[in-house]
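Trainee: sharing a model that was predicted from the sequence below.
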Amino acid sequence: MRRIYLAGPPFAEEYRRRAAELVAARGCEPVDPMRRDFRGNTVGHETEIVEGDLEEIASCDAVLAAFTAPDEGTAMEAWHAHTLGLPVVVYTGGTPPHPWTVYVAAQVFADLEPAVDAVCA
């Protein structure tokens with residue numbers, strides 16, 4: 001079963017819920033780093049957060065990255081996956097993608113469903 005890391009802004013609950021459902025419906029395993037929820041409690045946990053994310057990305061087959069709003073964490077996760085040679089499929093929600101986003105992406109989609117189709121293919 002393909003494991004798909006769900007990268008995205010920390011408060012994008014609707015994206016995470018819907019992406020996890022769509023990924024699972026296509027026979028892939030969603031890996032949501034926000035299940036280790038440090039929102040409001042990041043100070044002193046930076047190493048645990050980042051190293052946990054890096055390990056989970058490396059354990060996955062691909063990354064689905066929501067670039068619907070600027071977010072440093074999503075950018076770093078996508079870059080790390082790119083450097084590992086993992087495909088990064090980007091969902092923009094219609095937001096024009098930044099050149100760095102296009103550079104690291106295997107594919108860019110405005111809509112979530114085709115992005116999930118591509119990442120689970």
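Mentor: Thanks, I have it. Numbers count the residues shown, from 1 in each chain.
Trainee: which SS class is the residue located most distally from the centre of the chain?
Mentor: The centre of the chain is farthest from one residue, G44, which by CA atoms, centre = their mean lies 23.6 Å away. Assigned state for G44: coil (three-state reduction, DSSP: H, G, I helix; E, B strand; the rest coil).
Trainee: what's the helix-or-strand element of the chain with minimal mean pLDDT packed up against?
Mentor: Here the helix or strand of the chain ranked lowest by mean pLDDT, DSSP states H and E is helix 46-58, holding a mean of 92. With contacts taken as 3 or more CB pairs under 8 Å, 6 or more residues apart in numbering; DSSP states H and E, helix 46-58 sits against helix 72-84. Any C-beta I mention is one placed from the backbone N, CA and C, and that applies to glycine too.
Trainee: how close does the residue nearest to A62 when sequence neighbours are not counted get to V63?
Mentor: Nearest residue to A62, sequence neighbours excluded (CB to CB, 6 or more residues apart in numbering): P87, at 4.6 Å. Going from P87 to V63 by CB to CB, to the nearest Å gives 7 Å.
Trainee: before we move on, the earlier item: give me the buried positions along the least confident helix or strand of the chain.
Mentor: 53, 56-57 (16 or more other CB atoms under 10 Å).
Trainee: got a list of contacts for that helix?
Mentor: Residues outside helix 46-58 that contact it (CB atoms under 8 Å, 6 or more residues apart in numbering) are 5, 31, 33, 36, 38, 42, 63, 73, 77, 80-81, 84, 86.
Trainee: about what we covered before: overlap in contacts of P87 and V63?
Mentor: Jointly contacting P87 and V63 under the rule CB under 8 Å, 6+ apart are 81, 119.
Trainee: neighbour-wise, which of those two wins?
Mentor: Shown here are P87 and V63; by other CB atoms under 10 Å, V63 has more neighbours (28 against 18).
Trainee: check contacts around T95.
Mentor: 67-69.
Trainee: is it fair to say V108 lies in a strand?
Mentor: Yes. Per three-state DSSP, V108 lies within a strand segment.
Trainee: and the closest residue to it other than its chain neighbours, what pLDDT?
Mentor: Nearest residue to V108, sequence neighbours excluded (CB to CB, 6+ apart): V90, at 4.5 Å. pLDDT recorded at V90 is 98.
Trainee: fine, thanks again, bye for now.
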